[in-house]
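Student: The following comprises the amino acid sequence and a computationally predicted model.
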There are 2 protein chains.
Amino acid sequence: MSTKSKRNLSGCPIDYALSVLGDRWSLIIVRDLAIRGAKTYAELLDGWEGISTNILAQRMRHLESNGIVEKRKNPANWRSSIYELTPKGRDLAPVLAEIILWGGAYNESDSPKNEAYDTVKSDRAKFEAAIRENDEIAQ
Amino acid sequence: MSTKSKRNLSGCPIDYALSVLGDRWSLIIVRDLAIRGAKTYAELLDGWEGISTNILAQRMRHLESNGIVEKRKNPANWRSSIYELTPKGRDLAPVLAEIILWGGAYNESDSPKNEAYDTVKSDRAKFEAAIRENDEIAQ
DNA sequence: CTATCAACTTGCATATTGCAAGTTGATAGG
DNA sequence: CCTATCAACTTGCAATATGCAAGTTGATAG
C-alpha cells in the first residue's frame, strides 16, 4: 500500500531512480535534509513549499523503505525523532548539484532561495563534500 | 488546465526543476529523446515503460510549453511530426548522467536496459557530448 | 493522573492517472 | 471528388493519489 510505483519497473536506472524519487515532494525532502539542515518532522513540515502532513508522513515512509533516510531518537529530546540521509541518500549530492545548476540557470526567480545555485556554482566540490559529511551548508 | 504545479513555486531551483520535470514520466520522455533516439509520438508511446497516450500528449504539451522539447514537421513523411530536445532540454544531459550513475549503482536489476549505466561510467564526457550534439547513443 | 507536544492518522473533497475506445485531418490512390 | 490510410491525438470513465483540516497517540514531566 505504501509501495509507490504501481507499474512494473523497466530495469533502466532512470526508471529505478524515478520509482524512488519521481514525484513532486521526495527531492524537496532530500533537499531539506541535505542542504537546509532539517532534522525533525516538524522542521520538514515547515519547509519553503508547505508540504501537508499526511503527504510528508507517506513520503518519509517511502524514502525510509527505499533506504534514502533513516529515523532515530533524538538523545537530547525524548519527544522528537531525528531523520537523516543514509549514505545512499547522501550519494544523491551530485544529482542535487546538477539539478540546482540546471534549475538555477533557467529559473526566472532570483529569490534568496536561489542561494544554493551560487553555492554550487562557486564551489561544487565543497557543496557535495558538505552533504557527504552530513554538515549543514546554510540557513 | 495544463499548467502543472498547482501550488506556488518557492523560488528554489530544485523546486523549479520539479515543477517542470517532477513526475513519473517527464524524465522518461527526456531519456527516450536524448538517449534512445525516439523522435515521433509513436516511438515515444512505444517506450520500455508503456506510457499511455493521454498522459504522453499531456506531458509533451507541458514539456513544450516549458521549453524542453519542440515539435516540427517531418520533411520525409508528411504524416509524422518530429519531437526534439531544445538546448534547454539538452542541458539536462548532466542531470541524466548523475541520475543514471546513482540509479545504476543502487538498482538491483542488470537488464540490458542498464546499458546506459556502463556508457556513462566509462565515458561520461562522450555521453553528454552525444546528447548535446543531438546524436543517438544506442538502440 | 493530567497536561504537554512531536509525530503522526483519519475523513473527505478535489485532482490526477491510466486504460480503452473514438476522433481528426492531410493526402494518396482510385 | 470520394474513400482509405495512419500518425497524432481526444474523450469517457473508473481507480488512485493529493491536499486540507481536524483528530489521535504515546511517552513523560510535574
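Tutor: Thanks, I have it.
Student: and residue A:31, how many residues sit next to it?
Tutor: Residues lying near residue A:31 (other C-beta atoms under 10 Å in any protein chain shown) number 24. No exception for glycine: its C-beta is placed from N, CA and C like everyone else's.
Student: brain fart, residue A:36
Tutor: Other residues near residue A:36 come to 20 when the count uses other C-beta under 10 Å.
Student: how close does it get to residue A:48?
Tutor: According to C-beta to C-beta, to the nearest Å, residue A:36 stands 8 Å off from residue A:48.
Student: Tell me the secondary structure at residue A:49.
Tutor: Look at residue A:49: counting by DSSP: H, G, I helix; E, B strand; the rest coil, its state is coil.
Student: Grab the nearest non-local neighbour of it.
Tutor: Nearest residue to residue A:49 in three dimensions, chain neighbours excluded: residue B:10, at 5.0 Å (C-beta to C-beta, 6 or more residues apart in numbering or on different chains).
Student: That neighbour: what secondary structure?
Tutor: coil.
Student: correct me, but it touches residue A:48?
Tutor: Yes: between residue B:10 and residue A:48 there is a contact at 4.0 Å, judged by C-beta atoms under 8 Å.
Student: Check the contact lists of those two and give me the overlap.
Tutor: residue A:113 (C-beta atoms under 8 Å, 6 or more residues apart in numbering or on different chains).
Student: With neighbour numbers in mind, choose between the two.
Tutor: residue B:10 (19 against 16).
Student: so how far is DNA strand C from the more buried one?
Tutor: Here the criterion is C-beta to the nearest atom of the strand, to the nearest Å. By it, residue B:10 lies 18 Å from DNA strand C.
Student: do residue A:115 as well
Tutor: Distance, residue A:115 to DNA strand C, by C-beta to the nearest atom of the strand: 25 Å.
Student: Surely that residue is within a strand?
Tutor: No: counting by three-state DSSP, residue A:115 is not found in a strand; it is helix.
Student: quick one, strands of chain A?
Tutor: A:69-73, A:81-85 (DSSP state E).
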